[in-house]
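Chemist: what shape does this take:
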Amino acid sequence: MFTNLVKSIMGDPKARGLKRYREVVAEINALEPALQALSDADLRAKTDDFKRRLQSGTLLDDLLVEAFAVVREASRRTIKLRHFDVQLIGGMVLHEGKIAEMKTGEGKTLVATLPLYLNALTGRGVHLVTPNDYLSKVGVQMMGPIYHFLGMSVGVIQNSAGDPNTGSYLFDPSFPSNDARFQNLRPCTRREAYEADITYGTNNEFGFDYLRDNMVIDLSQMVQRELHYAIVDEVDNILIDEARTPLIISGQADEPSPLYAKFAQIVKNLKPSSAQSIADKEPDGDYVVDEKDRVVYLTERGVDKVERALGIQDLYSPANAELIPYLDNSLRAKALYHLDKEYILQEGQVIIVDEFTGRLMYGRRFSEGLHQAIEAKEGVKIRRE
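Modeler: Reported below is the predicted structural model:
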């Protein structure tokens, strides 16, 4: 009742906001006939004109109407997609630093071209942050023709596997690739990707590049420039779900120990204890699984089997202490981590599946030897930690 009273006096704030946006949409639509009459060269020249006006003191917000209209016309000519009025509103919301909720299929990728182009006019660089490499790569390949037509450079950064000068590309419609997945993407250095007017990439790559930049010996080794403006795709996932996982840079690890493969074979022959026998003094299996606490431990019977397999007398003596972490991880990999549930296999690699969202967590690895234990279990190449 109180809410209705306030609305009757003050009006509905959502309705006021939409009314303001619709008025701007009408201004954008009014420019469409004149822009359609321009040649490609004249439409492209609008970018240079906008930049000159910014340098002369014009505010970025004062260019919004014209810039959005130019992007829509460029999109119509290049990728044959024309922004709907509601997409123009979405672009304005993103430009203002607010959250725009759109359903799958409503054209979020196309909406982002509007504020990205507008803010890129400053020459300070803008970023589009995506949850995975596929979305950032495809986003550039789909929307790249719009930016290229308007004279804007666009780059994309992909998982670099620790080497910042790999996995970086600039959109180039004239560049042929032997790999169909990377058509129109010309390899470049990581710094060149960041020097582009617009850069697409994942939150992980942006984050790791930031960390690496804070570890350089000389400023000339930095790849990122001053952070200016960014749009975050799937903001709830990146700023809430993904925020639970820290980004950590560690030194080069030693070659994986052959003990991973050895213990993977040993635990393969161990049998789980039945649920009915777990409370007994001597469970009927080689190990016990506590699903609730996510722990697994050997029974006396299991310890005897492991000792025979290793040819030792006392598994838990100080002399054998270095073996325990390998045994523990191999047992956890067997009993607690299951293919197509906690992880999948893709192109010979173990890819983690996020337990809350079900998304594939490319570039992430289980820590402290667990990932290597799972690789040994699945018979794929065991990589460094």
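Chemist: got a list of contacts for stretch 276-290?
Modeler: By C-beta atoms under 8 Å, 6 or more residues apart in numbering, the surrounding residues in contact with stretch 276-290 are 270-274, 295-302, 305, 331, 335-336. From N, CA and C alone the C-beta is placed, and that goes for glycine too.
Chemist: and these, which of them are buried?
Modeler: Burial by neighbour count, 16 or more other C-beta atoms under 10 Å: within these this picks out Leu270, Pro272, Ser273, Val296, Leu298, Thr299, Arg301, Gly302, Lys305, Leu331, Ala335.
Chemist: any chance of those residues in a markdown table, with secondary structure, pLDDT and distance to Ala15 too?
Modeler: Below are the buried ones among the contacts of stretch 276-290 laid out as a markdown table (DSSP: H, G, I helix; E, B strand; the rest coil; pLDDT from 0 to 100; distance: C-beta to C-beta, whole Å):
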| residue | secondary structure | pLDDT | distance to Ala15 |
| --- | --- | --- | --- |
| Leu270 | coil | 93 | 66 |
| Pro272 | strand | 91 | 61 |
| Ser273 | coil | 90 | 64 |
| Val296 | strand | 91 | 58 |
| Leu298 | strand | 92 | 66 |
| Thr299 | coil | 91 | 68 |
| Arg301 | helix | 91 | 71 |
| Gly302 | helix | 91 | 68 |
| Lys305 | helix | 93 | 72 |
| Leu331 | helix | 94 | 61 |
| Ala335 | helix | 92 | 57 |
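Chemist: closest to Phe68 among the residues you listed?
Modeler: Proximity of these to Phe68 (C-beta to C-beta) peaks at Ala335, which lies at 56.1 Å.
Chemist: in the helix or strand containing Val350, what's buried?
Modeler: Val350 is part of strand 349-353, with elements assigned from DSSP states H and E. Under the neighbour-count criterion of 16+ other C-beta under 10 Å, strand 349-353 has Val350, Ile352 buried.
Chemist: partner strands of it, with direction?
Modeler: Here strand 349-353 is paired, per DSSP bridges, with strand 343-346 (antiparallel), strand 360-361 (antiparallel).
Chemist: looking at the ones you listed, which one is packed in the most?
Modeler: Highest mean neighbour count of these: strand 360-361, a mean of 18 (counted as mean count of other C-beta atoms under 10 Å).
Chemist: that one - what's its average pLDDT?
Modeler: Strand 360-361 shows a mean pLDDT of 81 in the predicted model.
Chemist: now what about it, what contacts it?
Modeler: Strand 360-361 has contacts (C-beta under 8 Å, 6+ apart) with Asn132, Thr245, Ile344, Gln346, Ile351, Ile352, Val353, Asp354.
Chemist: now do the contacts for the fourth one.
Modeler: Remark: with contacts taken as C-beta under 8 Å, 6+ apart, Gln346 is in contact with Leu360.
Chemist: what does the first one give?
Modeler: Contacts for Asn132 were tallied using C-beta under 8 Å, 6+ apart; they are Thr202, Arg359, Leu360, Tyr362.
Chemist: buried subset of these as a ChimeraX selection?
Modeler: Buried subset of those, written as a ChimeraX selection, criterion 16+ other C-beta under 10 Å:
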select :202,360,362
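Chemist: same list (the contacts of Asn132) but as JSON lines, adding secondary structure.
Modeler: Shown next, in JSON lines, are the contacts of Asn132 (DSSP: H, G, I helix; E, B strand; the rest coil):
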{"residue": "Thr202", "secondary structure": "strand"}
{"residue": "Arg359", "secondary structure": "coil"}
{"residue": "Leu360", "secondary structure": "strand"}
{"residue": "Tyr362", "secondary structure": "coil"}
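Chemist: in a markdown table, list the contacts of Asn132 along with distance to Arg72.
Modeler: Converted to a markdown table, the contacts of Asn132 look like this (distance: C-beta to C-beta, whole Å):
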| residue | distance to Arg72 |
| --- | --- |
| Thr202 | 28 |
| Arg359 | 32 |
| Leu360 | 34 |
| Tyr362 | 33 |
